[in-house]
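Coordinates only, no sequence provided:
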């Protein structure tokens with residue numbers, strides 16, 4: 001008997017997206033203190049994804065769910081790409097949760113789900129990425145999402161999702177999580193968040209978890225636009241802020257505000273880190289925590 005129903009899993013996924021959105025301040029990103037228009041776009045996007053997470057939990061293929069969900073995400077609001085990264089990460093997790101009999105089995109189960117995602121899933125995921133067309137996509141030698149030949153290559157060679165994402169493990173957050181069994185989400189996200197919640201409110205814990213994830217895994221969204229050296233530099237700065245007390249102490253908050261100002265002034269958007277924070281909230285909710 002599984003531990004979670006499809007409805008509960010979908011609620012946890014959507015709630016996780018909304019908790020990530022509400023977490024404030026997140027430097028360079030949309031949160032509940034942002035201008036009303038982008039905030040409303042992210043809310044509409046998150047709510048539109050509920051039925052797709054439920055379908056994944058009910059047994060639908062990850063690839064098919066991602067394509068349909070990406071279409072809904074773009075139709076329901078006018079702000080463009082809002083949740084593609086989080087969608088790609090949460091959908092296999094939703095499918096895995098539906099097969100889990102106890103929480104401790106969640107990570108091994110998601111590994112099994114990832115291993116079974118085949119060439120059709122891979123082709124559909126690339127189709128969804130191409131349709132959303134997130135900013136900063138460059139040209140790559142292997143499985144270029146913008147190339148019309150890529151789908152044929154994937155299907156002809158029967159390349160699984162792990163086959164396709166493995167070469168980009170160090171370059172892209174979804175590839176990293178797929179090929180490591182959600183290492184950053186579970187270790188630097190969920191476990192760290194759980195510890196912080198023992199002695200601080202959820203928002204403070206969320207901001208500190210955001211810093212912790214960023215300090216351990218350079219943000220791939222920034223890497224695509226400004227280069228790996230820049231994203232590594234930002235990770236080092238995030239660690240310094242966290243080491244000084246993070247968002248918990250007066251000194252840490254002062255350093256965080258300076259850090260956030262630098263991020264905003266430079267035009268950096270650590271959106272991949274926000275995606276991992278959303279996944280961390282999802283795992284936390286599945287563990288039984290409630291806001």
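Here it is on my side, so go on. Model, not experiment: these values are computed from the prediction.

my guess is residue 44 meets residue 74, correct?
No. Proximity of residue 44 to residue 74 does not meet the contact threshold set by Cβ atoms under 8 Å, at 11.0 Å. C-beta coordinates here come from the backbone N, C-alpha and C atoms, glycine included.

just for the stretch 151-291 of the chain, where's the confidence low?
Within the stretch 151-291 of the chain, not a single segment meets pLDDT under 70.

what ranges do the helices span in it?
Per DSSP state H, counting those that start in this stretch, the stretch 151-291 of the chain carries helices over the ranges 161-165, 173-180, 183, 192-196, 202-216, 220-226, 228-243, 250-266, 271-286.

how many other residues sit next to the spatially closest residue to residue 30 that is not a sequence neighbour?
Of all residues not flanking residue 30 in the chain, residue 38 sits nearest, at 4.7 Å (Cβ to Cβ, 6 or more residues apart in numbering). The tally of other residues near residue 38 (other Cβ atoms under 10 Å) stands at 16.

Helix or strand: which one has residue 38?
helix 36-48 (DSSP states H and E).

which other residues reach the very next helix or strand once past that helix?
For helix 36-48, the following helix or strand on the C-terminal side (DSSP H and E) is helix 50-57. In this structure, residues lying in contact with helix 50-57 by Cβ atoms under 8 Å, 6 or more residues apart in numbering are 4-7, 9-11, 13-14, 62, 65, 68-69, 72, 87, 90-92, 94-95, 97-98.

Can I have the buried ones of these as a PyMOL selection?
Buried residues within the contacts of helix 50-57, by 16 or more other Cβ atoms under 10 Å, are selected in PyMOL with:
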select buried, resi 4+6+9+10+11+13+14+62+65+68+69+72+87+90+91+92+94+95+97+98
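
Could you tell me which of the contacts of helix 50-57 belong to helices?
The helices, defined by DSSP state H, take in 6-7, 9-11, 13-14, 62, 65, 68-69, 72, 87, 90-92, 94-95, 97 from these.

Now find how far off-centre stretch 90-107 is within its chain.
16 Å (Cα atoms, centre = their mean, to the nearest Å).

deepest of the helices of the stretch 151-291 of the chain, which one?
Mean neighbour count (mean count of other Cβ atoms under 10 Å) peaks for helix 271-286 among the helices of the stretch 151-291 of the chain, with a mean of 27.

doesn't residue 222 make contact with residue 234?
Yes. With contacts counted by Cβ under 8 Å, residue 234 reaches residue 222, the gap being 6.3 Å.

what sits in contact with each of these two?
Taking Cβ under 8 Å, 6+ apart as the contact rule, residue 234 and residue 222 both touch 268, 270.

want to try CSV for the helices of the stretch 151-291 of the chain, with distance to residue 114 as columns?
What follows is the helices of the stretch 151-291 of the chain, written out as CSV (distance: least, Cβ to Cβ, whole Å):
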stretch, distance to residue 114
helix 161-165, 6
helix 173-180, 6
helix 183, 12
helix 192-196, 22
helix 202-216, 20
helix 220-226, 18
helix 228-243, 25
helix 250-266, 32
helix 271-286, 14
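
Out of those, the one nearest residue 79 is which?
With Cβ to Cβ as the measure, helix 271-286 is the member of those nearest residue 79 (12.7 Å).

which secondary structure elements does that closest one contact?
helix 6-22, helix 84-97, helix 173-180, helix 192-196, helix 202-216, helix 220-226 (3 or more Cβ pairs under 8 Å, 6 or more residues apart in numbering; DSSP states H and E).

Distance to residue 274 added to those helices, as JSON lines?
Listed next are these as JSON lines, based on distance: least, Cβ to Cβ, whole Å:
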{"stretch": "helix 6-22", "distance to residue 274": "6"}
{"stretch": "helix 84-97", "distance to residue 274": "8"}
{"stretch": "helix 173-180", "distance to residue 274": "10"}
{"stretch": "helix 192-196", "distance to residue 274": "14"}
{"stretch": "helix 202-216", "distance to residue 274": "7"}
{"stretch": "helix 220-226", "distance to residue 274": "9"}
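
what's the closest of these to residue 265?
That would be helix 220-226 among the helices and strands packed on helix 271-286, by Cβ to Cβ, at 13.2 Å.

elements contacting that closest one?
Using 3+ Cβ pairs under 8 Å, 6+ apart: helix 220-226 touches helix 173-180, helix 228-243, helix 271-286.

So which of these is nearest residue 163?
helix 173-180 (10.2 Å).
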